[in-house]
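Enquirer: The sequence and its predicted three-dimensional model are supplied below.
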2 protein chains.
Amino acid sequence: MKILITGGAGFIGSNLVDYLAKKKSITRIEVLDNLSHSTKSNLRYHFDNPIFKLHVADLLDSKSVNRILSRGFDMVFHLAANPDAQIGVTNPRHDLEQETLATFNLLEAMRLAKVKKIVFSSSGTIYGETPVIPLSENYGPSFPISMYGAGKLAAEGLVTAYCGTFEFKSWIFRFANVVGSRRKNGVVSDFIRKLKSDPKELQVLGDGSQQKPYILVDDVVEGMWFVINKADDKINFYNLGVKSSTKVSQIAKMVINEMGLAGVKIIYTGGKRGWPGDIPQVRYNVGKINKLGWRARLESDEAVESAIKTLINEL
Amino acid sequence: MKILITGGAGFIGSNLVDYLAKKKSITRIEVLDNLSHSTKSNLRYHFDNPIFKLHVADLLDSKSVNRILSRGFDMVFHLAANPDAQIGVTNPRHDLEQETLATFNLLEAMRLAKVKKIVFSSSGTIYGETPVIPLSENYGPSFPISMYGAGKLAAEGLVTAYCGTFEFKSWIFRFANVVGSRRKNGVVSDFIRKLKSDPKELQVLGDGSQQKPYILVDDVVEGMWFVINKADDKINFYNLGVKSSTKVSQIAKMVINEMGLAGVKIIYTGGKRGWPGDIPQVRYNVGKINKLGWRARLESDEAVESAIKTLINEL
């Protein structure tokens, strides 16, 4: 099976490359990445592998995308996206480009090259801030409150429209907060970086009561592969996360402990959310993927703990 | 109240202008329209009205949009869109531009001009082809199967993200099939035009069993105004349609009868849907808007009948 991974040099993408490189059924792994938030070194174990190839290209450049897709693939993992949902607050156009337009260009290139299977990394942010939690996959309406969530929702709609109009087949995953090796942003990495710079003080966005489910990247890539091989509808869609969740104030304490620090002054910026468009209380129902036969190895607290240990050394 | 209507020269837009021009609370009605699918003559009753102004401009031209919005408005009715959902089959980029990018440019111009109330004409096509009908507003997941539906879903997500991130307020209406005076495309107008050109034969897309709810444009503009004045959440969202529905084969018979024709040969192109991305069986639950205190005057068959009578003279 020949596979293309957009955003394959990034956090989740490069972990996926590591995982797929061990599968015998995969005869070709190519990566399309603009390296805007990632580095070639994330892929360092694969440059000598004859079935591997990196295309440094931007999804906003249709010509390059069309050229790369015309090489012929059986399936595309579309992971490329803006990795930082806060950017939309100051630059509302960013997610329109990085999620919506990038996804459109990819789908068009796939249509022209007759590549019709897409795995799409969506996000729980498409659900918005809802009166009920935990959220099941059939929750409606989908009213995202961040530009990032709007971009992911738009991309989901494009994917399903290509399924309905041009006979594509899709696997849509709504990720919880993914943590682990090579993640550069997000709460865990931010805390570690801040404390490395100033071990006396830690600023925390919001009041620390924000509570979300965290899943380890190793579980995410394994979970995707499991579902792709098991679910065979025209549109397959799953929350990919854990039932449990972890408070931001708890993550701060875990990072401080793991770094062996004491007497750190924690300063909360206040307010129930970290930034405008942030959803403070998130829980997912993962019964659908569990019923299919898969469950994350690590629950939320364990995933955070594991990510902290890895990232302290990496950052 | 100063109002801007995008697409205000079009089918629904110009009927809305007619309706609002009679309201004493409205002190200014301005229209932004690129006249791509509409004509100035739809607004002919208003050119002498001192509170009325037409801006011929394109929503894809940000500079013009920013300039017009900077004139200051209390509320924007965003009705501009691609009026023909079939176009996406041959030109997939069209709905990305006419729904998604156009809506983004409008929202950005509104944000910059501090105009924060938007009424958005969405569509039942965002629900896609679902295992259950009739569809309530909280149906999920939203998996549109047409590029038009994907564009409308993307636009909904942008509207709600601006509500969540930039403190906008919105009224989102998911329209059923709207029929009536000045509609140029769609099944009723198509049949009339075809039969005027050849009164012996009528080609019908699909097998004629497609069945959808039709609502008269007069009911649509009145329903929007009712809800805007009654519902006051941050995001207000309503199906705007009727509970009943009409079969395409029935519409063909109604048009033939109303035109006084006999012995017309009806040729069905076959297949359950009119075109790829068409949803053959559509019903809406309109209990939410009914409960708020509003109901369409005409049910589906009556709306079609009324539209036929009007359009026979207009087309």
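Expert: Received the coordinates, thanks.
Enquirer: Which element is encountered next along the chain beyond the longest helix belonging to chain A?
Expert: Once chain A is assigned using DSSP state H, the helix that runs over the most residues is helix A:147-166. Remark: after helix A:147-166, the chain's next helix or strand is strand A:169-175, criterion DSSP states H and E.
Enquirer: Show me what residue of the stretch 151-300 of chain A gets nearest to chain B.
Expert: Relative to chain B, the nearest point of the stretch 151-300 of chain A is A:G164 (2.4 Å; Cβ to the nearest Cβ). (C-beta placed from N, C-alpha, C; glycine too.)
Enquirer: so what secondary structure elements neighbour the strand or helix carrying A:L195?
Expert: Element membership for A:L195, per DSSP H and E: helix A:187-197. Using 3 or more Cβ pairs under 8 Å, 6 or more residues apart in numbering or on different chains; DSSP states H and E, the elements in contact with helix A:187-197 are strand A:201-204, helix A:248-258, helix A:300-314.
Enquirer: Nearest residue to the residue of the stretch 151-300 of chain A closest to chain B in space, please, no chain neighbours.
Expert: Using Cβ to Cβ, 6 or more residues apart in numbering or on different chains and skipping residues adjacent in sequence, the residue nearest A:G164 is B:I145, 2.4 Å away.
Enquirer: Surely that neighbour is in a helix?
Expert: No. Assessed by DSSP: H, G, I helix; E, B strand; the rest coil, B:I145 does not belong to a helix; its assignment is coil.
Enquirer: Contact residues of the stretch 1-150 of chain A facing chain B?
Expert: Contacts of the stretch 1-150 of chain A with chain B, taken as Cβ under 8 Å from any Cβ of the partner chain, map to A:88-89, A:92-93, A:96, A:100-101, A:104, A:107-108, A:111, A:126, A:128-129, A:137-147, A:149-150.
Enquirer: Now a PyMOL select for only the buried ones of those residues.
Expert: A single PyMOL command selects the buried members of the residues of the stretch 1-150 of chain A next to chain B (16 or more other Cβ atoms under 10 Å in any protein chain shown):
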select buried, chain A and resi 88+89+92+96+100+101+104+107+108+111+126+128+129+137+139+140+141+142+143+144+145+146+147+149+150
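Enquirer: mind listing which of the residues of the stretch 1-150 of chain A next to chain B are in helices?
Expert: Those of the residues of the stretch 1-150 of chain A next to chain B lying in helices (DSSP H): A:88-89, A:93, A:104, A:107-108, A:111, A:147, A:149-150.
Enquirer: now for those residues, which pair is the farthest apart?
Expert: A:V89 and A:R111 (33.5 Å; Cβ to Cβ).
Enquirer: picking up where we left off before, wouldn't the residue of the stretch 151-300 of chain A closest to chain B be in contact with B:G128 here?
Expert: Yes. Look at A:G164 against B:G128 with Cβ atoms under 8 Å: they come within range, at 6.8 Å.
Enquirer: The closest residue to A:I266 other than its chain neighbours: neighbouring residues, count only.
Expert: Counting by Cβ to Cβ, 6+ apart, A:I266 lies nearest to A:L202, which is 5.2 Å off, once chain neighbours are set aside. Neighbourhood size, A:L202 [other Cβ atoms under 10 Å in any protein chain shown]: 20.
Enquirer: which residues touch A:L202?
Expert: Counting by Cβ atoms under 8 Å, 6 or more residues apart in numbering or on different chains, A:L202 touches A:191, A:194-195, A:252, A:256, A:264-267.
Enquirer: how about 10 Å then?
Expert: A:190-191, A:194-195, A:252-253, A:255-256, A:261, A:264-268 (Cβ atoms under 10 Å, 6 or more residues apart in numbering or on different chains).
Enquirer: So the residue of the stretch 151-300 of chain A closest to chain B sits against B:Y127, correct?
Expert: No. With contact defined as Cβ atoms under 10 Å, A:G164 does not count as touching B:Y127 (11.8 Å).
Enquirer: Pull up the overlap in contacts between those two.
Expert: B:143-145, B:149, B:279.
Enquirer: Compile those residues into CSV and extend it with columns for distance to A:S38 and pLDDT.
Expert: Formatted as CSV, these follow (distance: Cβ to Cβ, whole Å; pLDDT from 0 to 100):
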residue, distance to A:S38, pLDDT
B:F143, 30, 98
B:P144, 31, 98
B:I145, 34, 97
B:G149, 33, 98
B:I279, 40, 94
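Enquirer: Among these, which one sits closest to B:K309?
Expert: Nearest to B:K309 among those, with distances taken as Cβ to Cβ, is B:I279, at 27.1 Å.
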